[in-house]
Structures are given as C-alpha cells and as structure tokens.
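Peer 1: Based on what follows, work out the 3D shape:
(one chain, ligands or ions: 1)
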Amino acid sequence: MATTDVQPATGAPQELVTTDFYDAWQLEEGAPVVSGFYIEDLNTLELGAWERKGGKGAFLNLEGTGGVNDAHIVEISPGGSSEPERHMYEEMVYVLSGRGSTSVWYQEGDKQTFEWGRGALFAIPLNAWYQHHNGSGLEPVRYMAVTNAPTMLRIFHNHDFLFNNPFRFDDRFTGEKGYFNGEGTLYKQRNTHAWETNFVPDTHSMQLHSWKERGGGGSNIMLELAHNSMGAHISQFQIGTYKKAHRHGPGAHVVILDGNGFSMLWRDGDDEMKKCDWRPGAVVVPPDNWFHQHFNTGTTPARYLALRYGGRRFRQTTSVTRGETDVSVKLGGAQIEYEDEDRKIHEVFESDIAKHGAVCRMKAIIPWCTGEVGPSHISQSGD
Ligand SMILES: [Fe+2]
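Peer 2: Take a look at the predicted model:
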C-alpha cells in the first residue's frame, strides 16, 4: 500500500460564494474560513478580524467532519473580552494558551464566572449567554472551540430561532453555584471510564485509565460535558508504540496535546494511505468510516484530546460503521488488530521513529518488529 504525505492546511482563507445557510453565516461573521485535511499547529494558524469574539479568529471546516460539526480558533486581545452571545448549538472550548475567565448565565442574577488557563476544557450549556475575558493585560488568549453549528444551522435555518431564542435548558443548567468547579462523576462503560463534568482544569495532566483493547499501552478518559450531545475524550499512548487502527463516524477533532508522531488514514479498499505528521497543537479529523491509526515517534508519551460530534450518552448515528471501535473487524467490530495490519504500516513507523532518535518497543506484539520487546505493560492483552 502506498503512503502519501499530506500537506497541512496553510490557513489561507477560501473564497466562499454560496447559498448554503451555514456557509453564508460564516461569511457574515467575517472571520476567515480554513479548510483542508489537517492543521499543523493551531497555535500559529493565521487569523483574521472577528469583532464579536473580541479579537481575531478563523473557522475550521476540515474535510473529515463531513459537515456535521466545525471548529473555530479565537484570539482575545490582552485585556479584551468577547461580546456576550448565546446560540442554539453546542460548543466545547479548549484553551490553547493564555489565561482568563468566562461568565455564563441564563438570567443576569445567576451569572457564573470561572477562571481557566492553558489546557482547560469546558462546554457552554446550550443556549446560555456567555462572555470570555482575557485575564492578562500583556498576553493574548487563544482557544479552539468545536461546535455542532453546521448541523443546527442547516436544520433550522432561522436566525431568530438560533441566536435570539429565550428557551432555557433547565435540565442542563439552572445557574447553580459550582457548576464549573471541576467536580464530576466517574462511571465505567464497557471497557472505558467516563467523567461527567462541566470543566476540566488541565487536559495535559488529567488522570487517565487503562484501555488495553485499543493498544499502545494506552489510557483514556471519556468526557461528557454540560449534558451535551457532543462528547470528548483524552487518550495517551506510550513511547515507542502505536495504537490499533479503527474507524467510526465523522467529526472527531483529534487535537495533539503532547508528544510527536503521525497519523495514517485510509478508506477501506484504497491503495493509498494518507500520512499526517503532528506535534502539539496539530489537529486531524478522520473522515467518516476511514480507518485511522496514531503513532508515537517521539521520546515522551503522546496525548491527544478528541472533540467529537457524538457523545456516549447521546449517540449520533452518523456512520455506516457498525460495531464497537475497540473490537476486531473479524468479530463484527471496527478495529484492525495488530496481527491483521498491513506490514507496510510497521515499516513506516520504524523508519520515522529512527529519525526522531526513539526506539520501537512493539516486538512483543509485532513479530516482524526489529526494535525492542518493551516493558511488560505494552502488550496486546495486558495494559
Ligand atoms: Fe478514532
């Protein structure tokens, strides 16, 4: 199977001439729209003026979303604030850099304000008012948000309903104190752990739990935020390893938090695999039903945050894929076990990892591996 290196999106805005409601709304907002397969570094992506957000920004319409969700990047000027806004689409916010605070309310008297810094993750309860404030007079704040605006705008295509709607989702948020204090509930669902909360103070250091079925000596936490239908998760995998390939529906924005490596993506039956090299700040969205596999070629564990279209509680049927994403395709699942993968994949990994001065530690799992056996916790059946 051939491998093609994918060029990251340049950040150059695309020309939009459209009658599509969502695209027209993006044009009205005035921020540039960036499309492409993946972004190399959200921290340095070029932005344009976006008054309502309190500075600069850009929309991201990456190919792998299939149009179900989107992302945007915002930079709030030192000492600046965004305009208060509310909308009938969900929004999850991940802070790339800087520090500040956000106020959230359905009615003025019940305003909640909470502080955040780099690495924080939170969600705005559906249709609640919110306003972001940069807490520094010197440094800008930059965040990434993933929303289901494309779906919601195209279904309802009515500005008043979407942006001037008095309905309060009291089942999601009642203005209660401590809503954003970072507390939550941990529960186990099949092979994974899920944390229901409204605020994660630091995605980089958050405690994860073993998910051995996905390979790579990996650990994970599923996140359900603000009673959203959209979900998120954080995953980490070990030095010298890679995860197993799997596939699912569109819209999972995989944001690299820590580490260096690459992802391979391909459609079942295609001769060509797309290879996206990444480092912290990169984002790639696997297209609907494409197999994809993540590789750690660096000298530290690799950790990513996935901001998805569907959650665990409120699943969205967006894909033809059926079956669990951590069960072999041979057993009706959507995962390719190590012993079934194309040998070329391991060759590419060994070649890349050598360039980074790290050593492959997959020998216990991949018999044709020329690297090390690795510690006992990196094995196919153990965690
Ligand atoms: Fe995935």
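Peer 1: From here on, just use CA atoms for contacts and neighbour counts.
Peer 2: Will do.
Peer 1: what are the ranges of the helices in the stretch 151-300 of the chain?
Peer 2: Along the stretch 151-300 of the chain, counting by DSSP state H, counting those that start in this stretch, helices occupy 159-163.
Peer 1: what are the ranges of the strands in the stretch 1-150 of the chain?
Peer 2: Using DSSP state E, counting those that start in this stretch, the strands assigned to the stretch 1-150 of the chain run over residues 2-5, 33-36, 38-39, 48-50, 55-62, 70-76, 91-97, 100-105, 112-116, 121-124, 129-134, 141-147.
Peer 1: Put together TSV for those strands, with distance to residue 174 on each row.
Peer 2: Converted to TSV, the strands of the stretch 1-150 of the chain look like this (distance: least, Cα to Cα, whole Å):
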stretch	distance to residue 174
strand 2-5	48
strand 33-36	34
strand 38-39	37
strand 48-50	30
strand 55-62	30
strand 70-76	27
strand 91-97	18
strand 100-105	9
strand 112-116	10
strand 121-124	13
strand 129-134	12
strand 141-147	21
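Peer 1: weakest of these in terms of mean pLDDT?
Peer 2: When mean pLDDT is averaged over each of these, strand 2-5 scores lowest at a mean of 82.
Peer 1: what's that strand in contact with?
Peer 2: Contacts of strand 2-5 with the rest of the structure, by Cα atoms under 8 Å, 6 or more residues apart in numbering, involve 271-277.
Peer 1: From those, pick the one nearest residue 368.
Peer 2: If you rank the contacts of strand 2-5 by distance to residue 368 using Cα to Cα, residue 273 comes first, at 20.7 Å.
Peer 1: sorry, back to before: what's the closest of the strands of the stretch 1-150 of the chain to residue 167?
Peer 2: Relative to residue 167, the nearest member of the strands of the stretch 1-150 of the chain by Cα to Cα is strand 129-134, separated by 11.4 Å.
Peer 1: now the closest one and strand 70-76, what's the angle there?
Peer 2: Orientation of strand 129-134 against strand 70-76 (axes from the mean of the first three to the mean of the last three Cα atoms, to 10 degrees) gives an angle of 50 degrees.
Peer 1: Just list what strand 129-134 packs against, helices and strands only.
Peer 2: Using 3 or more Cα pairs under 8 Å, 6 or more residues apart in numbering; DSSP states H and E as the contact criterion, the neighbours of strand 129-134 among helices and strands are strand 100-105.
Peer 1: coming back round to it: can I get the strands of the stretch 1-150 of the chain in CSV with mean neighbour count and distance to residue 153?
Peer 2: Below are the strands of the stretch 1-150 of the chain laid out as CSV (neighbours: other Cα atoms under 10 Å; distance: least, Cα to Cα, whole Å):
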stretch, mean neighbour count, distance to residue 153
strand 2-5, 12, 34
strand 33-36, 21, 16
strand 38-39, 26, 24
strand 48-50, 18, 19
strand 55-62, 24, 15
strand 70-76, 25, 12
strand 91-97, 22, 13
strand 100-105, 20, 22
strand 112-116, 18, 27
strand 121-124, 25, 17
strand 129-134, 21, 18
strand 141-147, 23, 11
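Peer 1: Which among these is found nearest to residue 206?
Peer 2: Distances from residue 206 to each of these were compared by Cα to Cα, and the smallest falls on strand 121-124, at 10.9 Å.
Peer 1: pull the CA atoms of the closest one into PDB?
Peer 2: Included here for strand 121-124 are C-alpha records, laid out as PDB according to Å, rounded to 0.1, in the frame of the first residue of the first chain:
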ATOM      1  CA  LEU A 121     -11.600  22.300  28.600                       C
ATOM      2  CA  PHE A 122     -15.200  23.300  29.200                       C
ATOM      3  CA  ALA A 123     -18.600  23.500  27.500                       C
ATOM      4  CA  ILE A 124     -21.100  26.300  27.200                       C
END
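Peer 1: on contacts alone, who are the packing partners of it?
Peer 2: Using 3+ Cα pairs under 8 Å, 6+ apart as the contact test, the elements touching strand 121-124 are strand 91-97, strand 199-200.
Peer 1: repeat that with 10 Å
Peer 2: Counting contacts by 3 or more Cα pairs under 10 Å, 6 or more residues apart in numbering; DSSP states H and E, strand 121-124 packs against strand 91-97, strand 100-105, strand 141-147, strand 199-200, strand 219-225.
Peer 1: List the strands paired with that strand, with their directions.
Peer 2: Strands adjacent to strand 121-124 in the sheet, as given by DSSP bridges, are strand 91-97 (antiparallel), strand 199-200 (antiparallel).
Peer 1: Just give me how far it sits from the chain centre.
Peer 2: Centroid separation between strand 121-124 and its chain, computed with Cα atoms, centre = their mean, to the nearest Å, is 13 Å.
Peer 1: start the count at 11, not 1, going forward
Peer 2: Noted, 11 is the first residue going forward, which turns the last one into strand 131-134.
Peer 1: Contact partners for the residue at the greatest distance from the centre of the chain?
Peer 2: Here the chain has its C-alpha centre computed as a mean, and the residue farthest from that point, by Cα atoms, centre = their mean, is residue 119 with 33.3 Å. When contacts are counted by Cα atoms under 10 Å, 6 or more residues apart in numbering, residue 119 touches residue 185.
Peer 1: per-residue confidence at it?
Peer 2: The predicted local distance difference test score for residue 119 is 87.
Peer 1: if I look at it, how far off is residue 141?
Peer 2: Taking Cα to Cα, to the nearest Å as the measure, residue 119 falls 15 Å from residue 141.
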